[in-house]
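Enquirer: Mind folding the following:
(chains A, B, C and D)
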2 protein chains.
Amino acid sequence: MSKKNKYSLENVEAQMRKGSLEFTILLIISRGEVYASEIIKQLKSHDLIVVEGTLYPILSRLNRFGLLDYSWVESESGPPRKYYSLTSEGREVLEHMTRVWEGMVSSIRLLIKNDNAG
Amino acid sequence: MSKKNKYSLENVEAQMRKGSLEFTILLIISRGEVYASEIIKQLKSHDLIVVEGTLYPILSRLNRFGLLDYSWVESESGPPRKYYSLTSEGREVLEHMTRVWEGMVSSIRLLIKNDNAG
DNA sequence: TTATAGTACCTTGCATTACAAGGTATCATG
DNA sequence: CATGATACCTTGTAATGCAAGGTACTATAA
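Expert: Residues are numbered from 1 along each chain as shown, chains lettered A, B, ... in the order given. Sure, this is the predicted structure:
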């Protein structure tokens, strides 16, 4: 028997989250203009977790790819906020992602149901 | 406007797959003993893609973590095959993963449906 | 005016990991 | 004994999530 480590159950959440990260972030933004901290808060309220160090690079990347726009809005108390919104290309990509997501969910649902079948 | 690259739509599939990779592999193995090439074939038949260079390290890792066992079985034509099966710990982890997966699917379904809500 | 706390932005460095490419070994066939 | 098919596995690269640390603006209190 080879040296055996412990498989982290916490990691299960993290792993599964990864594949759908950009997707969920785009979903949040599609519901209305938001700035970073709001995205984190909204995701958390849906039991989906992202942290700052992950979110900012993704927002920059999606903007660089032309999927997101942003505008600075002054806050009543504190520094200005960068409000993000989807571009039309962003909306197209999000629709594509949604189809891909639904497809994958269907496939996996089949595997789960077939659990003891051939 | 910053330099704008093209967001790869092929990458959408790849990205989403990643988070659920170990999960789907464990699901396949839970349906009966299989060796690597069969896993790839079965996943492909469910529109889920994995390649050799990805699969072998994952199988080793899951074995090292005590989630998988294997036994060598001679083939009628060709080199011997390494048939994988779940350990009891593997079954427990798979059940946990399934619950996490269902939870995430529910959360994201809400986000999709709420698309234009507050 | 200086210090502190709160909010918001962003970057750096590390660890993980999916994958392309290349490698070894076994068996059957001509 | 060469060739092709099958099966295993490893190496190097690129992507990327995240902890940690950093900058800047506003408000409040000393």
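Enquirer: residues in contact with the helix or strand of chain A with the lowest mean pLDDT?
Expert: Evaluated with mean pLDDT, DSSP states H and E, the helix-and-strand set of chain A has its lowest mean pLDDT in helix A:9-19, which scores a mean of 91. Residues outside helix A:9-19 that contact it (CB atoms under 8 Å, 6 or more residues apart in numbering or on different chains): A:48-50, B:15-20, B:22-23, B:93, B:96-97, B:100-101, B:104. Heads up, the C-betas are built off the backbone N, CA and C, glycines and all.
Enquirer: Keep these, but drop any that are not near DNA strand C.
Expert: With CB under 7 Å from any atom of the strand as the criterion, the contacts of helix A:9-19 include B:Arg17, B:Lys18, B:Glu22 near DNA strand C.
Enquirer: Buried ones among those residues?
Expert: When burial is judged by neighbour count using 16 or more other CB atoms under 10 Å in any protein chain shown, the buried members of those are B:Arg17, B:Glu22.
Enquirer: Okay, and the residue in chain A that DNA strand D sits nearest to sits in which element?
Expert: Each residue of chain A has a distance to DNA strand D, by CB to the nearest atom of the strand, and the smallest belongs to A:Gly53, at 2.7 Å. Assignment of secondary structure by DSSP states H and E places A:Gly53 within helix A:52-64.
Enquirer: mind listing what's buried in that helix?
Expert: A:Leu55, A:Ile58, A:Leu59, A:Leu62, A:Asn63.
Enquirer: Looks to me like A:Ser85 is in a helix.
Expert: No. For A:Ser85, which was evaluated using DSSP: H, G, I helix; E, B strand; the rest coil, the result is strand, with no helix membership.
Enquirer: For the nearest residue to it once chain neighbours are set aside, give me its contacts.
Expert: In space, A:Ser85 comes closest to A:Glu33 once its chain neighbours are excluded; the distance is 4.8 Å by CB to CB, 6 or more residues apart in numbering or on different chains. Taking CB under 8 Å, 6+ apart, we find A:Glu33 in contact with A:Tyr83, A:Tyr84, A:Ser85.
Enquirer: now that we have these, which one has the most neighbours?
Expert: When neighbours are counted as other CB atoms under 10 Å in any protein chain shown, the busiest of the contacts of A:Glu33 turns out to be A:Tyr84, with 24 neighbours.
Enquirer: what about the residue of chain A found nearest chain B, neighbour count?
Expert: Proximity to chain B, evaluated over chain A using CB to the nearest CB, is greatest for A:Gly19 at 2.6 Å. The criterion is other CB under 10 Å. On that basis, A:Gly19 has 20 neighbouring residues.
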